[in-house]
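# Using only what follows, build the 3D model:
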Amino acid sequence: MTETIAMLTPGTTFMLIIFAVVVAMIAQARVSSSFNKYSRIRAQRRLSGAEVAADILRSAGIHDVQIDRVNSWLGDHYDPQSKCLRLSPGVYDSESVAAVGIAAHECGHAIQHAHSYAPLKARMAVVPAAMVASKMLPFIVFGGFFFGMFRFKPILDLGIAIYAVLTLFQLITLPVEFDASRRAKAILTQRGLVTPSEYGGVSAVLNAAAWTYVAAFLSSLFHLLHLLVLRGRD
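Here you go, the predicted structure:
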C-alpha cells in the first residue's frame, strides 16, 4: 500500500477525485431517472410502500419496528437505534413499483438488524465516529484552504484522519446496502408482491441507488489517497 501511494502524484489523485465526482453525478442522475420512471408505474398488487413494508416485517416475524412517514424526498431509511422505518411520501403513500422496491430495501435493513447481520453491527459501531468526522470536514476543508494544506501539516494530518474514518464507514456500508437490496428482491418475489415484469423495475431502482454508495466510497477513498500523497511529499 505504501509503495502504491509513493508511486502516485497529486495530479493523479486529483484526477481520481474528479472521476469520483463524475461517477456520483451519473449515479444520482440514474437514481432520479429510475425513480421518476417507475414511480409512474402502479404495481398490480395495489399496495402502498407502507403496506408492503408492514407485510414484509410481519412475515419476517418482526413486530417491534415502527413505520413512519417523513417529509423528505427519497429520505427513506431504517433507524436501528429507534427501530423505526422512515419512508418518504413518494414511498409511504405510493403504490408504484419504485415505492415497493424502496420500502422492501429498507425492510431488508430491519431484517439485518433482527438477525444481527455483522456488517450492519460494524456500521452502527462506526456511526458515531463518522458523524463527528462529517461535522469536522467543512472546517478542515476551509482550514486547508486558509492555511495552505501543502504547508500546514496538522491540518493535513487531521484531514487524513477524517477521511480515513469516512472511507472505512463507506466501505462497511457497501455490503450492508447490497445485502439489503438482495433481501428485498428475494422477499418481493417469494411473497408475490411484484410480478416478473415489475421485478425489472425494482432492480433498476435499487441498482441505481447502489451506485450512489459506490460513488461515496470512491470519493472518500480518493480524497484520502490525495492527502496521503501530499503528506508523503512534505
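# so where do the helices sit in this protein?
2-7, 10-38, 49-59, 89-92, 97-114, 118-147, 153-190, 196-232 (DSSP state H).
# Turn the ones you listed into CSV, columns for distance to Asp79, mean neighbour count and mean pLDDT.
The C-beta positions use only the backbone N, C-alpha and C, and glycine is treated the same way. What follows is the helices of the chain, written out as CSV (distance: least, Cβ to Cβ, whole Å; neighbours: other Cβ atoms under 10 Å; pLDDT from 0 to 100):
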stretch, distance to Asp79, mean neighbour count, mean pLDDT
helix 2-7, 37, 9, 61
helix 10-38, 21, 15, 92
helix 49-59, 14, 21, 97
helix 89-92, 15, 22, 95
helix 97-114, 9, 26, 97
helix 118-147, 11, 15, 84
helix 153-190, 14, 19, 93
helix 196-232, 18, 19, 92
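# just so I know, which of those lies nearest Val70?
Nearest to Val70, of all the helices of the chain, is helix 89-92, at 8.0 Å by Cβ to Cβ.
# which residues touch the residue nearest to Leu158 when sequence neighbours are not counted?
Distances taken as Cβ to Cβ, 6 or more residues apart in numbering place Ile140 nearest to Leu158, at 5.9 Å, with adjacent residues excluded. Applying Cβ atoms under 8 Å, 6 or more residues apart in numbering to Ile140 gives the contacts 155, 158-159, 162.
# Of the helices of the chain, which is nearest His77?
helix 97-114 (6.5 Å).
# Specify the angle between the closest one and helix 196-232 in degrees.
60 degrees (axes from the mean of the first three to the mean of the last three Cα atoms, to 10 degrees).
# Send over helix 97-114 as PDB, restricted to the C-alpha atoms.
Provided in PDB are the C-alpha atoms of helix 97-114 (Å, rounded to 0.1, in the frame of the first residue of the first chain):
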ATOM      1  CA  VAL A  97     -43.100  -0.200  -8.500                       C
ATOM      2  CA  ALA A  98     -40.400   2.200  -7.300                       C
ATOM      3  CA  ALA A  99     -42.100   2.600  -3.900                       C
ATOM      4  CA  VAL A 100     -42.500  -1.100  -3.400                       C
ATOM      5  CA  GLY A 101     -38.800  -1.700  -4.100                       C
ATOM      6  CA  ILE A 102     -37.500   1.100  -1.800                       C
ATOM      7  CA  ALA A 103     -39.800   0.000   1.000                       C
ATOM      8  CA  ALA A 104     -38.600  -3.600   0.700                       C
ATOM      9  CA  HIS A 105     -35.000  -2.400   0.700                       C
ATOM     10  CA  GLU A 106     -35.500  -0.600   4.000                       C
ATOM     11  CA  CYS A 107     -37.200  -3.600   5.400                       C
ATOM     12  CA  GLY A 108     -34.000  -5.500   4.400                       C
ATOM     13  CA  HIS A 109     -32.100  -3.400   6.900                       C
ATOM     14  CA  ALA A 110     -34.700  -4.100   9.600                       C
ATOM     15  CA  ILE A 111     -34.200  -7.800   8.900                       C
ATOM     16  CA  GLN A 112     -30.500  -7.400   9.000                       C
ATOM     17  CA  HIS A 113     -30.800  -5.800  12.400                       C
ATOM     18  CA  ALA A 114     -33.100  -8.600  13.700                       C
END
